[in-house]
Structures are given as C-alpha cells and as structure tokens.
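A.B. asks: Structure for this input, please:
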Amino acid sequence: MHYKKIILALAAAGMIASQAAPAYAEENSNVTSVSSASGAVSASSGTASTSASSSETASSPQDGSGTVSSSSTVSTSSGTSDTPADSGAGENGTSSTSSGSGTSGSNTSVSDSSGSGTSGSGSNASGTNASGSSEDAKGESGNAASGSTDKKDASEQKSTEVSEATRSEAEKEAEKAAQNEQSIQPVVPAGVAGTVDQTAAEKETFAYLTEVLGFNNAAAAGLLANFYQETMFQYKAVGGNGIAYGLAQWTGGNFTSLANWCGANGRDYTTIDGQMYYLKYDLETNYPAVYAYLKGLPNTAEGAAAAASFFCTYYERPAYTATRAAERTAYALQVFWPRYQSYILEQNKDVKAYMDWLAAYTADQSHGYSTAHRRNDPDVDAYSLIFYALYDNGYLKAENDRNPFDQNSIVSELTEHGFAEAADAETDAEKLEAGDIILYTDNSGAAVYRTADLVWQAKETDANKASGDKAGDQGDEVGSGELDTAKQRKVYRLKTKDADLPVLAQKMVDQLSNKQYMYSDNIRQIKKTDEDSYTFLYQTLKSIGELKDVDTAFTKDTMDHVLCTHSYQNIETQIAAKTASLSVGDIVWNPESGAAVYLGSDRYIYMDNEVDQQMADITGIRNCRYLETKKIPGATWTAVYHKM
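C.D. replies: Here you go, the predicted model:
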C-alpha cells in the first residue's frame, strides 16, 4: 500500500492527529494519554496514543520513567505488551489470552477476550520484564509497508514503495533470523539491567542512527518510534522474563549474537554504542534488503512512516505486527519526525574522518580530562581533544603533535587549515552542522558538534577533581554531552581540507615524532646525534629515494651544486621579480638559518645549525640541536630550490 494512503487511513481512523508533538519529559510530564474508548492517537497537550479494539499497555515516548503508568493504556486490535520491554528483534511477540483490559507495570501479560484482568507486578532495575507465552507474528494480516504499488509523483526523487523483490528478500531475512531466537530460557545475565536518562538516551540513539548507520532524519525517526515502544529508550531493559535485552529487545539467540559480537569487537552490549554498532552489523549481514530500503527512503514525513512500519515488520517482528506497525507509524509521524526533522546532518563528507576518530577516542576510557597531561599522554583538555582529532586525521598538515593548540591559538590555527567562521550558526543552533567546532566565548571550553544538540567534548568533572587529576576517564570527562545553548559561541566550519604535503615536506614533519629525538618543549625536538641543517636535509632526501648517486652529505658550500644537478632549480630571482611564488615543499636557504623546507602559511621546518649549549649541559647530549617548525612571516631567503 502507498504510504500516503496509509497516512490518510490512519488519520481517518482517528489514529493520527495534527497537533504538535509532545515535549520532552522535563517540559511536559503528561506525554502519553491514550483513550481506549476513542482509540485515538493524539499529540495535543503533549500526548500520544494509538488505536485498536482490545486494551493493553502503552509506553510513553517521553515520560522518562522507564516503566508504564497505569493511566497510559493503548487499545489495540489484539495484544501483546509494548511496555519497556516489548517483544522485539525477533521475539515474534509474547501474549496470553484471557479477557478484558490489562494495565501493566512490568512482568506484563495481555488479555484479549471478555471479562477483565489486571497484570503487572514487580519491576527489575530497568523497570521492564514482559512475560507471556510465545506467539508467532507471521499470522498477521501484513505490514503497513506492503500492498499495491501506486504511481509516484514525478517530482519525488526517492520512494517509499516496497518492490516485490525487496519485500521477498526482507521476508526471507526475517524468516531466517527467526530461527535464531527460539530460546525461551533466560539468557540475559543478572546485573546488566538498569534505568537511564530517557531524553539523553533518545538523543544519543538518534545521533548513532545518523552518524554510524547512515540514516537520514526520517529513517532515524522511524527507528526511534520502534525503540520507544520497545523500551522507551531504556537500553539496559531486560524483557521476556530474562530472554530479551536492549533498545530493540534482542531475544534469545539474537541476544546471544549481540553479546558475542560486541565482545569480539571491543564494544559493550549494555551501551547504546555497542547496540547501535551491532545493529549496523546485523542489518548489513543478515538484513541487507531491509537496510537498503531504509537507507533509500526520502527525508520526509512519508519516509519516517515507511521506516517505522518496515523496521517493525521485518526486523522487530513483534506479535500482532500490523497493529504494532500502525502504532509505530503514528509515533514516528506525531512525535519523532517533528522532533528531529530540522536537524542538519553531516553535509560535509570531509569531516567524517575526525568525527569517526572522536567517536572511537571518547569510547576509550583510558583517556580523561587534564590540563597537566593534555598532550594525549593519555589525557586531553577541551582544546587538545579537538587538536588531536584533526591532527591525527590529516587536517593540520605541518603542525607539531607536541604542540596542541589552546584557547589562545585555536582560532588562528583553524583558519590557517581551512576552517572559516560560520556566523549564522552562532546565534541559531538549528544552523549547526556535524563537524562544526564550537568555542564558548567565555573561554570555558570547546566542543565538536554532532547532531540533536549533542557534542563531543572534554571537560573537568567533580570526579576528575576528586581523583586529583588521575589519568583516564573517571566518568563523563571525555565523551558526548549536551550543547550549552545558554553560552555565547563562535563556530568554525571546515571549508577546505589541507592538501597532502609533498613527499619531502611530509618526511621532514614525520621526524617531529621520531623516537630518535628527545622532546624538549612544545615545538622542538632535540636530536641525539650530530646533524646540522644540511646533513639533516641530505639524509631526508636520501630517505625518499633522491640523491642516489651522492654518498657524502652536502654542506652550505656544496648544497647548491648538488640540488641543481638533481632536478632542483633555484627560483629566488623569479620570486624577487614576483614571476614565481614559494610553494609547499620548496627548499629554502640563507646564511643565518641554514637549509629549511617550506610548509605553507609562513611555516618552515628545519634543524638548527647552532648548538644549544645550555640544553647540552642539562641533557648530557654532546651536540644539542633542535628540529623545529617555526613561523617566519616575510622571511627573506638567499636561495629557493623548487623541484622541477
């Protein structure tokens, strides 16, 4: 069935209202208000509800409780509970048939005949535990995503239509996965349940769905609708009397697959990170048709509706699938699409490398916040975290990894390396894009924007203070956090990524981290052996395959002859006449500095010719010379050698 028809049908049935989406829990605690009499889904006054014929429990997208209140009931055509935790990720649902209406806290059973019954007592630490007998959802009348194919408007670039081939492949994937979930014995270990902040978990899940799984806002909204009804974003939720776990309530053998995959890939299955990376693996490996369909949806309300129903039917597969798909479609349209449609996702693919680095780095608990050990040894501060994210991924060509920028130098360094101020995003948070670098104007810190008002950041915490600046993360020192919208900010956005350095220049820069050198301060390394600028340049040229027939290091007196007979030309005269200009990788020389290599932006790298006797006395190294990068604006060079 075409999704526009589905939406119209839901609206006609009173399942979708046109009011605004409910606010977050802290703004409006009356999120779910469901009337079994009217069977309506309404977002007015911050409410959301769904319809059908017999009554059962519903979980609120944003009541923040992790449990289902007795006033939040949903009437459905036939019932299995979708309280935290619903049957999902292949459980094919749980239900028990008795009678009447049921109200649930946890340990939920569902009645769907005549009479009355109330279920629900006891709650584990996650506020979840759905119980009942297993019932296959395959007998349902179908999925809201299936049906006849209608002609699309020519203006639509992407379609929500499900081709017969896609539907066939998705059904095969679902049937194959169902064989992996038949365990009815408890498989979830004790002690992994727990409650989490619902609003924060929802935003973090959206970020992972877009950043890691590559979904647009609409597809992400559809999956959020599923996770909301499964667990209300309680990613530590245990359901089915111990057989299901997590956001999607992976059940039986599917839970075992989740736990095993995370263990084998260095991730924690009790976190959003582990569950979202597993979901990506699972979709790529076991549900490729489902994944392809979801990634191909238009970024529209119709796309959000399609994602909610399709994911429910072919991945989650709860009992009473068509009813659940309709409910989740309503939640996607009423709540999650309005909430997330305006967030700008990663527009600039050039930022992906440092964004991926930040995700991996912040997940490593060996890194914490420190101003004393801010050089990634092993900790960082707010500014050096951003420096290493950029430096380690090639965005700060020719910089020194021992000299991370700070609050005083970050702006000049960013602008030297292709970042420009994004003034519109400084006053309007909706204009922020993934990868934007945020500097709070009160010098209280810096962050990198993700999406949904989330940022990557390093910050001092009470636990950090209490530990006496102990190395490593003592808790939330380095990781994801909320954008501080109350503070004024400057925003810098990547416009042009640094080009790769020429081979010679890169080889020179690489020596800054060479273990043959001893660190002396932020910007210079001391060479342990006796090399001046000429010998160092000669050795570097030899190491990249040049000067193969030259066996003796040149000096200031022989350098010109050696270079000019090996494909270099002295263009200093042309530069003086302004018919040529200095290029990155050019070799420069004057009597005072010796030989150096140009790195761009008035920056050079060279080995000092003069011995630092004071440092020699301190270190015991006989001939202390510095290898350093240095800015020399307006430098005058006696010779400039350009590779021809």
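A.B. asks: Can I get stretch 196-209 in PDB, CA atoms only?
C.D. replies: The C-alpha trace of stretch 196-209 is given here as PDB (Å, rounded to 0.1, in the frame of the first residue of the first chain):
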ATOM      1  CA  VAL A 196      18.900   5.500  32.200                       C
ATOM      2  CA  ASP A 197      18.000   9.100  31.400                       C
ATOM      3  CA  GLN A 198      15.400   8.700  28.700                       C
ATOM      4  CA  THR A 199      15.800  12.100  27.000                       C
ATOM      5  CA  ALA A 200      19.600  11.700  26.800                       C
ATOM      6  CA  ALA A 201      19.300   8.200  25.600                       C
ATOM      7  CA  GLU A 202      16.800   9.200  22.900                       C
ATOM      8  CA  LYS A 203      19.100  11.900  21.500                       C
ATOM      9  CA  GLU A 204      22.200   9.700  21.700                       C
ATOM     10  CA  THR A 205      20.300   6.900  19.800                       C
ATOM     11  CA  PHE A 206      19.300   9.400  17.100                       C
ATOM     12  CA  ALA A 207      23.000  10.500  16.800                       C
ATOM     13  CA  TYR A 208      24.200   6.900  16.300                       C
ATOM     14  CA  LEU A 209      21.400   6.100  13.800                       C
END
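A.B. asks: Mind listing what's buried along it?
C.D. replies: Of all the residues in stretch 196-209, those buried under the rule 16 or more other C-beta atoms under 10 Å are 196, 198-199, 201-209. The way it works is simple: take the backbone N, C-alpha and C, and place the C-beta from them, glycine included.
A.B. asks: Let me see the ranges of the helices in the stretch 351-500 of the chain.
C.D. replies: Listed in chain order, the helices of the stretch 351-500 of the chain (DSSP state H, counting those that start in this stretch) span 352-363, 382-391, 410-416, 424-427, 462-466.
A.B. asks: List the buried residues of the last one.
C.D. replies: So that's helix 462-466. By 16+ other C-beta under 10 Å, the buried positions in helix 462-466 come out as residue 464.
A.B. asks: Rounded mean pLDDT for it, please.
C.D. replies: Helix 462-466 comes out with an average pLDDT of 77.
A.B. asks: same check, this time on the third one
C.D. replies: Averaging the model's pLDDT scores along helix 410-416 yields 94.
A.B. asks: ok now do residue 500, which residues does it touch?
C.D. replies: Applying C-beta atoms under 8 Å, 6 or more residues apart in numbering to residue 500 gives the contacts 394, 397, 506.
A.B. asks: Just put those residues in TSV and tack on distance to residue 298, pLDDT and neighbour count.
C.D. replies: Formatted as TSV, the contacts of residue 500 follow (distance: C-beta to C-beta, whole Å; pLDDT from 0 to 100; neighbours: other C-beta atoms under 10 Å):
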residue	distance to residue 298	pLDDT	neighbour count
394	34	91	14
397	39	87	22
506	43	91	16
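A.B. asks: Looking at the residues you listed, which one is closest to residue 312?
C.D. replies: Closest approach between those and residue 312, by C-beta to C-beta: residue 394, at 41.7 Å.
A.B. asks: I'd say residue 483 and residue 448 touch.
C.D. replies: No. Contact criterion C-beta atoms under 8 Å: residue 483 and residue 448 do not qualify, at 10.5 Å.
A.B. asks: which neighbours do those two share?
C.D. replies: Going by C-beta under 8 Å, 6+ apart, residues that sit against residue 483 and also against residue 448 are 438, 455.
A.B. asks: So the nearest residue to residue 600 once chain neighbours are set aside, which state does it fall into?
C.D. replies: Closest residue to residue 600 apart from its sequence neighbours, by C-beta to C-beta, 6 or more residues apart in numbering: residue 584 at 4.5 Å. The three-state assignment at residue 584 reads coil, by DSSP: H, G, I helix; E, B strand; the rest coil.
A.B. asks: what's the neighbour count on residue 584?
C.D. replies: Close neighbours of residue 584, defined as other C-beta atoms under 10 Å, add up to 19.
A.B. asks: go on, the one 10 residues further on?
C.D. replies: Residue neighbour count, defined by other C-beta under 10 Å, stands at 20 for residue 594.
A.B. asks: hmm, back to that, with distance to residue 226 added, can I get the contacts of residue 500 in a markdown table?
C.D. replies: Listed next are these as a markdown table, based on distance: C-beta to C-beta, whole Å:
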| residue | distance to residue 226 |
| --- | --- |
| 394 | 38 |
| 397 | 44 |
| 506 | 48 |
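A.B. asks: Could you point out which of those is nearest to residue 470?
C.D. replies: The nearest member of the contacts of residue 500 to residue 470, counting by C-beta to C-beta, is residue 394 at 31.9 Å.
A.B. asks: after the helix or strand hosting residue 307 comes which helix or strand?
C.D. replies: Using DSSP states H and E, residue 307 sits in helix 301-311. Next along the chain after helix 301-311, taking DSSP H and E as the criterion, comes helix 321-331.
A.B. asks: Could you single out the nearest of the contacts of residue 500 to residue 243?
C.D. replies: Of all the contacts of residue 500, residue 243 sits closest to residue 394, with 46.6 Å by C-beta to C-beta.
A.B. asks: That closest one touches residue 353, doesn't it?
C.D. replies: Yes. Using C-beta under 8 Å, residue 394 is in contact with residue 353, at 7.2 Å.
A.B. asks: re the thing from before, which of the contacts of residue 500 fall within strands?
C.D. replies: Among these, no member falls in strands (DSSP state E).
A.B. asks: neighbours around residue 420, how many?
C.D. replies: If you count neighbours by other C-beta under 10 Å, residue 420 ends up with 13.
A.B. asks: if I pick it, what's in contact with it?
C.D. replies: 492-493, 495.
A.B. asks: possible to save those residues as CSV with pLDDT and distance to residue 192?
C.D. replies: Below are the contacts of residue 420 laid out as CSV (pLDDT from 0 to 100; distance: C-beta to C-beta, whole Å):
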residue, pLDDT, distance to residue 192
492, 97, 41
493, 96, 40
495, 93, 45
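A.B. asks: didn't residue 303 look like it was pressed against residue 215?
C.D. replies: No. At 9.8 Å, residue 303 does not count as touching residue 215 under the criterion of C-beta under 8 Å.
A.B. asks: how close does the closest residue to residue 504 other than its chain neighbours get to residue 432?
C.D. replies: Once flanking residues are discounted, residue 504 sits nearest to residue 585: 5.6 Å by C-beta to C-beta, 6+ apart. In this view, residue 585 and residue 432 are 36 Å apart by C-beta to C-beta, to the nearest Å.
A.B. asks: Give me the more crowded residue out of these two.
C.D. replies: Taking neighbours as other C-beta under 10 Å, residue 585 and residue 432 compare with residue 432 leading, 24 against 18.
A.B. asks: surely that one meets residue 449?
C.D. replies: Yes. Between residue 432 and residue 449 there is a contact under C-beta under 8 Å: 4.8 Å.
A.B. asks: what's the overlap in contacts for those two?
C.D. replies: Each of 438, 483, 491 lies in contact with both residue 432 and residue 449 under the rule C-beta under 8 Å, 6+ apart.
A.B. asks: wait, isn't the last one in contact with residue 422?
C.D. replies: Yes. Here residue 491 reaches residue 422: they are 4.5 Å apart, a contact under C-beta under 8 Å.
A.B. asks: Just want to know which of those two has more residues nearby.
C.D. replies: More neighbours surround residue 491 than the other of residue 491 and residue 422, with 22 against 19 (other C-beta under 10 Å).
A.B. asks: so what's that one up against?
C.D. replies: So residue 491 contacts 421-423, 425-426, 432, 436-439, 449 (C-beta under 8 Å, 6+ apart).
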